[in-house]
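Chemist: No sequence on hand, only this structure:
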Ligand SMILES: Cc1cc2nc3c(=O)[nH]c(=O)nc-3n(C[C@H](O)[C@H](O)[C@H](O)COP(=O)(O)OP(=O)(O)OC[C@H]3O[C@@H](n4cnc5c(N)ncnc54)[C@H](O)[C@@H]3O)c2cc1C
């Protein structure tokens, strides 16, 4: 459970004697991005306040699961939390990409990278719980949960944050505010940061199934003309389905009874794992692409979904957020060690320059994949099938695509270099 603390006035040890800050930085949002950042700042010498609005039980009920890419795994190893995460998640050692019924399949294997695994799939709580535990053991991090930021004011030398805890409003002074408060970030909006992007014509259905045969540590991305359909292996021989379809079709699919839904699901899933059993509820999500114009202002930085959102094809969104926080932690730790002001815009721009372009590449790549595959335009069908044919046969193209998809093409944060 998240460390629930009622707010108490900062003690002498919490207050920087020369400047009177209560904390060096405030992280708003105790989702996976916010918790990862707090964990990455352990031993930084920075005093961190993490504020999360929702009780832990609400966060766990999210019913989400994520493909966790190799770079994210290396970051968690660098933080020192991976050995607590790994036993609760599943490994995938093969990825198969296919275009509808076209027989040419691109298959990525561990031999393409020379690693033991290609990646992992984790349910939300399998990441959240170990991170919450880890943060609880960080002496420099204080967690307020449930608590809500009701007002933030930025000044040249500080940020003043009004937090509502147990019905009382308290004011906290800090050098830097980090918004990890998700796609609908109120912090981003209140700071006047504009965004670019669009809502997709598709929605995404997620469901869990248990197949009759082993999933064999294989992840599938099947591109149907209505949208990508992913099968991700989970512990207990379960699989997670991420099924994208035009809004009306997705709504209609969700409205089917279990038997009809399973029949439609099986049509897209294929027979490779035998009969499927539907587990629990299915959820429907909006899909959108969004990039914030700025990732940083003076005394404010955005990370994770607060900064960008992308199409779920390729399971990129959370992984981009994990890379953001590894980069930001590196930038502010270095600034702190050099005696610089961690909230200064010139410092935060180092983070923005690093991450904004890299995220844009992935946003563009996922958008392109969705557009090229989600249609029946004959020239594009020919082109994409030729692309799959080339990818399967030209090792350089195959390795490049794989590395791009799992985060090994950008700048590697220090945390991932010395796991
Ligand atoms: C269908 C679907 C499938 C996906 N699959 C994958 C996948 O396979 N792999 C992958 O990498 N990504 C995937 N994603 C993307 C992923 O879900 C998101 O990128 C990720 O959850 C974002 O994490 P976050 O911590 O940035 O934000 P969030 O998870 O939204 O966390 C924000 C936190 O901030 C808190 N908060 C908000 N406002 C306040 C406030 N005012 N005060 C205090 N707290 C506040 C919230 O309660 C929440 O806990 C998928 C997305 C969708 C829609």
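Modeler: Received it, and whenever you're ready, just let me know what you need. Predicted, not measured: the structure shown is a model, and the values here were computed from it. Numbering: from 1, shown residues only.

Chemist: Please count neighbours and contacts with C-alpha atoms only from this point.
Modeler: Noted.

Chemist: Might one say that residue 121 is in contact with residue 239?
Modeler: No - using Cα atoms under 8 Å, residue 121 is not in contact with residue 239; the gap is 9.5 Å.

Chemist: Now residue 298. Nearest residue, chain neighbours left out?
Modeler: Distance criterion Cα to Cα, 6 or more residues apart in numbering; nearest residue to residue 298, sequence neighbours excluded, is residue 345 at 4.4 Å.

Chemist: Between residue 121 and residue 239, which contacts overlap?
Modeler: By Cα atoms under 8 Å, 6 or more residues apart in numbering, residue 121 and residue 239 have these common neighbours: 232, 233.

Chemist: For the residue nearest in space to the middle of the chain, give me its contacts.
Modeler: Centroid check for the chain by Cα atoms, centre = their mean gives residue 318 as the closest residue, at 0.8 Å. Applying Cα under 8 Å, 6+ apart to residue 318 gives the contacts 32, 33, 66, 304, 305.

Chemist: ok, which of the residues you listed also contact the ligand?
Modeler: Residues of those in contact with the ligand (Cα under 6 Å from any ligand atom): 32, 33, 66, 304, 305.

Chemist: ranges for the strands of the stretch 51-200 of the chain?
Modeler: When assigned using DSSP state E, counting those that start in this stretch, the strands of the stretch 51-200 of the chain occupy the ranges 65-68, 90-92, 94-99, 105-109, 119-123, 141-144, 148-154, 159-165, 168-179, 195-211.

Chemist: what's the answer for the stretch 301-419 of the chain, then?
Modeler: Counting by DSSP E, counting those that start in this stretch, the stretch 301-419 of the chain has strands at residues 308-309.

Chemist: near the ligand, which residues of it show up?
Modeler: Proximity of the stretch 301-419 of the chain to the ligand is confined to 304, 305, 312, 315, 316, 317, 318, 319, 321 under the rule Cα under 6 Å from any ligand atom.

Chemist: swap in the stretch 101-250 of the chain?
Modeler: When proximity is defined by Cα under 6 Å from any ligand atom, the stretch 101-250 of the chain lies next to the ligand at 148, 149, 180, 181, 182, 183, 204.

Chemist: Pull the contacting residues for the fifth one.
Modeler: By Cα under 8 Å, 6+ apart, the contact list for residue 182 reads 29, 31, 304, 305, 306.

Chemist: State the distance from it to residue 304.
Modeler: Here the distance between residue 182 and residue 304 works out to 7 Å (Cα to Cα, to the nearest Å).

Chemist: do the same with the first one
Modeler: If you measure residue 148 against residue 304 using Cα to Cα, the figure is 19 Å.

Chemist: quick one, which of the two is more surrounded?
Modeler: residue 304 (25 against 20; other Cα atoms under 10 Å).

Chemist: Who's the closest spatial neighbour of the more buried one, skipping the chain neighbours?
Modeler: residue 321 (3.7 Å).

Chemist: pretty sure that neighbour contacts residue 33?
Modeler: Yes - between residue 321 and residue 33 there is a contact under Cα under 8 Å: 5.8 Å.

Chemist: any common contacting residues for these two?
Modeler: Shared contacts of residue 321 and residue 33 (Cα under 8 Å, 6+ apart): 303, 304.

Chemist: shaky segments in this structure?
Modeler: The chain contains residues with pLDDT under 70 at 1-19, 56-62, 418-419.

Chemist: Could you list every helix and strand in contact with the longest helix anywhere in it?
Modeler: Assignment by DSSP state H gives helix 345-373 as the longest helix of the chain. On a contact count with 3 or more Cα pairs under 8 Å, 6 or more residues apart in numbering; DSSP states H and E, helix 345-373 meets strand 227-234, strand 276-292, strand 296-297, helix 317-337, helix 378-393.

Chemist: Just say which of these is most tucked in.
Modeler: For these, average neighbour numbers computed from mean count of other Cα atoms under 10 Å are highest in strand 227-234, which has a mean of 26.

Chemist: What pairs with that one, parallel or antiparallel?
Modeler: Here strand 227-234 has these sheet partners by DSSP bridges: strand 218-224 (antiparallel), strand 238-246 (antiparallel).
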